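>>> A structural model of the following input is requested.
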Amino acid sequence: MYIEQKIPLVTALTGGEFEIVHLDGRKLKVTIQPGNVVKPGEIKTIKGEGMPTYRNPFEKGNLNVIFSIQFPENNWIPQSDLKKIAKVSFFFFFFCFYYHPFHFF
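Below you'll find the predicted structure:
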């Protein structure tokens, strides 16, 4: 069984939780762990939450969640703010590399 789930870009990059409404009405909580980047089209399998198997209605197959990523629209933030973000990101990278150079290799 497959289901497509749209998630925001920030959740794809940083992790988070969301709910999926199953065909039987149950709500399944799906967690993306921080540090696990989700790419568009990536599939996460939830064991035992799919459709019942043939000739054994008590045994269920897997539910496959196919992710699509919601990217922000063009010009979602003013250019001046983008420059501030770029500057902060550069200094953060420099600080991490300078004080912890072996984390990048």
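>>> alpha carbons only for contacts and neighbour counts from here, please
Will do.
>>> show me where this structure has strands.
Assigned by DSSP state E, the strands in the chain fall at 2-8, 16-21, 27-32, 43-46, 52-53, 56-60, 63-70.
>>> Would you reformat those as CSV and include distance to residue 84, mean neighbour count and mean pLDDT?
Converted to CSV, those look like this (distance: least, CA to CA, whole Å; neighbours: other CA atoms under 10 Å; pLDDT from 0 to 100):
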stretch, distance to residue 84, mean neighbour count, mean pLDDT
strand 2-8, 22, 14, 93
strand 16-21, 26, 13, 92
strand 27-32, 29, 13, 93
strand 43-46, 35, 15, 94
strand 52-53, 53, 14, 86
strand 56-60, 51, 11, 88
strand 63-70, 23, 18, 94
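>>> Distance to residue 83 for these - can I get that in CSV?
What follows is these, written out as CSV (distance: least, CA to CA, whole Å):
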stretch, distance to residue 83
strand 2-8, 22
strand 16-21, 27
strand 27-32, 30
strand 43-46, 35
strand 52-53, 53
strand 56-60, 51
strand 63-70, 23
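>>> looking at those strands, which is closest to residue 88?
Ranking those by proximity to residue 88 (CA to CA) places strand 2-8 first, at 22.5 Å.
>>> Run me through the strand neighbours of the closest one, direction for each.
According to DSSP bridges, strand 2-8 forms sheet pairs with strand 63-70 (parallel).
>>> CA atoms only for the partner strand, dumped as CSV, please.
Presented in CSV, the C-alpha positions along strand 63-70 are these (Å, rounded to 0.1, in the frame of the first residue of the first chain):
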residue,chain,number,x,y,z
LEU,A,63,2.5,1.0,4.3
ASN,A,64,5.0,2.8,2.0
VAL,A,65,5.0,6.6,2.4
ILE,A,66,6.3,8.5,-0.6
PHE,A,67,7.5,12.0,0.2
SER,A,68,7.1,15.1,-1.8
ILE,A,69,8.7,18.3,-0.6
GLN,A,70,7.0,21.6,-0.5
